[in-house]
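Q: Structural data only, the sequence is not supplied:
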């Protein structure tokens, strides 16, 4: 089945380039020149992945990213001409799955798209491996088949990457996992995000599942080693 990609960018030349290149690689491409009606268009078009530019008129990419994450959990790759590391970190914190600075090689973007789509599909398929698998620790309930996480009966919105990381941690409670181990188990050999982005995703997870993110009780940092999910709170 042809995968749909929605590009949200005001650079029409880049859109034409990517439309031709991705279209030639069996993707169906559509685009928006701004993010003002992104949420509505996503609902209508049902894309499999979004390529979102940071700098746009009307709403910038971070505002659009926030809006999308309220309503949709689908892969998002952010593009930016800005080299500030802070922008990259904020984008990942808000739920972007990957980040690519301009200018970039379209082949690298294609590789990242394919890798993210493989991860997204494998994390949501109702396969024998994850069929009705429910992991519960206290009031935290993770369902790998339904791809949901609940705390105190309320559903928590997580990006695909955040969900995969939390699944890895909850499947290995009270065990110290290095950053590389978490990345490999959560994303597989296709993981290509920036160095130490795992720390950003962990921080975002804590803000969503910890009572006090500044003093986490569930996801512990093991200094110099990695992280550990504590089974008994």
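A: The structure has been received and is ready for your questions. Not measured: the values here are computed from a predicted model.
Q: going forward, measure contacts and count neighbours with C-alpha atoms only.
A: Noted.
Q: which residue is nearest the middle of the chain?
A: residue 97 (3.1 Å; Cα atoms, centre = their mean).
Q: surely that residue meets residue 160?
A: Yes. Using Cα atoms under 8 Å, residue 97 is in contact with residue 160, at 7.4 Å.
Q: So for these two, which residues contact both of them?
A: residue 75 (Cα atoms under 8 Å, 6 or more residues apart in numbering).
Q: rewinding a little: could I get the contacting residues of the residue nearest to the centre of the chain?
A: 75-77, 116, 159-161.
Q: And it, what's its pLDDT?
A: For residue 97, the model assigns a pLDDT of 81.
Q: Tell me how far it lies from residue 51.
A: Taking Cα to Cα, to the nearest Å as the measure, residue 97 falls 10 Å from residue 51.
Q: what do you get for residue 108?
A: 13 Å.
Q: same deal with residue 215?
A: Relative to residue 51, residue 215 is positioned 35 Å away (Cα to Cα).
Q: per-residue confidence at residue 132?
A: On the pLDDT scale, residue 132 is placed at 44.
Q: what do you get for residue 232?
A: Note for residue 232: predicted pLDDT of 55.
Q: One more: residue 226?
A: Residue 226 is assigned 88 on the pLDDT scale.
Q: Near the nearest residue to it once chain neighbours are set aside, how many other residues are there?
A: Distance criterion Cα to Cα, 6 or more residues apart in numbering; nearest residue to residue 226, sequence neighbours excluded, is residue 178 at 4.2 Å. Applying other Cα atoms under 10 Å, we find 15 residues neighbouring residue 178.
Q: Domain boundaries for the chain, per the record?
A: For the chain, automatic domain parsing gives the domain ranges 3-124, 134-229.
Q: Which of the ones you listed comes out lowest on mean pLDDT?
A: domain 134-229 (a mean of 81).
Q: quick one: that domain to chain centroid distance?
A: 12 Å (Cα atoms, centre = their mean, to the nearest Å).
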